[in-house]
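A.B. asks: Here is a sequence with its predicted model. Questions after.
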Amino acid sequence: MTKVAVILSGCGVYDGAEINEAVLTLLALEQQGATYQCFAPDVEQMHVINHLTGEPVEGESRNVLVEAARIARGDVLPLDQASAADYDALLLPGGFGAAKNLCNFAVAGADMQVAPDFLALAQAFHQAGKPIGLICIAPVMAAAICGEGTECTIGDDAEVSAAIEAMGGVHLQCPVSEARVDRQKKLVTTPAYMLAGKVSEAHAGISACVKEVLALV
């Protein structure tokens, strides 16, 4: 049975992993016959956002691993315990946590730096020829992980796609219900809530992404 490492970046669309995307990813893996283990970095979030107002909460801090445990019902391990040798594929749901806690794209744009521990893990999967799925905003890290010329999608956002191109990636347009596959790099990406207006739309694209990732194992 295919074993997949799922990386969570906290809990909550504005400062962590997008909850719907994370749950839909886990559901799609189960429905398509794979097993998974969730991991998250044991670090403090970039900041905490009040999800009612969308504003930062002054004087409050949260741990990414502890927050990710909310989604994983406690079954989540520290990122430094993840090894590409133990899993067949890697999946990363989106949410601003991917762009704030796993890299700094949210503030640095095309000058983004990827967190060294996550980058080392993702590159280990890539170098071992194991497929990777990046969802929503996470494909901004595609070229950093898989190298210059990597094909990926975040849907059709002009500003983000331009940043992907500036960082050495090749952006492909994609509707919300589909995924794009770079077969040479074994990378699969889907827009999810970069385009989705409702859960069912995100579900369609994420299911397609998971299907393509598992087909590359």
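C.D. replies: All right, it came through fine.
A.B. asks: contact partners of the helix ranked longest in the chain?
C.D. replies: Counting residues, the longest helix found in the chain (DSSP state H) is helix 199-215. Contact with helix 199-215 is made by 2, 4, 20-21, 24-25, 27-29, 31-34, 89, 91, 93, 131-133, 135, 174-179, 181, 188-193, 195-196, as judged by Cβ atoms under 8 Å, 6 or more residues apart in numbering. C-beta here means a position set from N, CA and C on the backbone, and glycine is covered the same way.
A.B. asks: In helices, which of those appear?
C.D. replies: Cross-referencing the contacts of helix 199-215 against helices under DSSP H gives Asn20, Glu21, Leu24, Thr25, Leu27, Ala28, Leu29, Gln31.
A.B. asks: thinking again about what came up before, just the buried residues of the contacts of helix 199-215.
C.D. replies: 2, 4, 20-21, 24-25, 28-29, 34, 89, 91, 93, 131-133, 135, 174, 176-177, 179, 181, 188-193, 195-196 (16 or more other Cβ atoms under 10 Å).
A.B. asks: so the longest helix of the chain versus helix 19-31, what angle?
C.D. replies: Angular relation of helix 199-215 and helix 19-31 on a 0 to 180 degree scale: 50 degrees, by axes from the mean of the first three to the mean of the last three Cα atoms, to 10 degrees.
A.B. asks: what's the spacing between the most centrally placed residue in the chain and Met141?
C.D. replies: Residue closest to the mean C-alpha point of the chain, counted by Cα atoms, centre = their mean, is Leu92 at 2.8 Å. To Met141, Leu92 is 8 Å away according to Cβ to Cβ, to the nearest Å.
A.B. asks: quick one: common contacting residues for these two?
C.D. replies: With Cβ under 8 Å, 6+ apart as the test, Leu92 and Met141 both reach Ala98, Leu102, Ala122, Leu134.
A.B. asks: any idea how far the residue in the chain sticking out farthest from the centre lies from Val48?
C.D. replies: Within the chain, Gly59 marks the point farthest from the mean C-alpha position, 27.5 Å out by Cα atoms, centre = their mean. In this view, Gly59 and Val48 are 9 Å apart by Cβ to Cβ.
A.B. asks: which residues does Leu91 contact?
C.D. replies: Each residue near Leu91 by Cβ under 8 Å, 6+ apart is listed here: 4-7, 25, 29, 36, 132-133, 135, 209-210, 213.
A.B. asks: closest to Val43 among those?
C.D. replies: Of all the contacts of Leu91, Ile7 has the smallest distance to Val43: 12.8 Å, by Cβ to Cβ.
A.B. asks: which one is that closest one nearest to, not counting chain neighbours?
C.D. replies: Leu92 (4.8 Å; Cβ to Cβ, 6 or more residues apart in numbering).
A.B. asks: Contact partners for the one you found?
C.D. replies: Contacts of Leu92 were listed using Cβ under 8 Å, 6+ apart, and they are Val6, Ile7, Ser9, Ala98, Leu102, Ala122, Ile132, Gly133, Leu134, Ile135, Ala138.
A.B. asks: what about 10 Å?
C.D. replies: Leu92 makes contacts with 5-9, 17, 21-22, 25, 98, 102, 118, 122, 132-139, 141, 145, 189, as judged by Cβ atoms under 10 Å, 6 or more residues apart in numbering.
A.B. asks: and what of Glu30?
C.D. replies: Applying Cβ under 10 Å, 6+ apart, we find Glu30 in contact with Tyr36, Val210.
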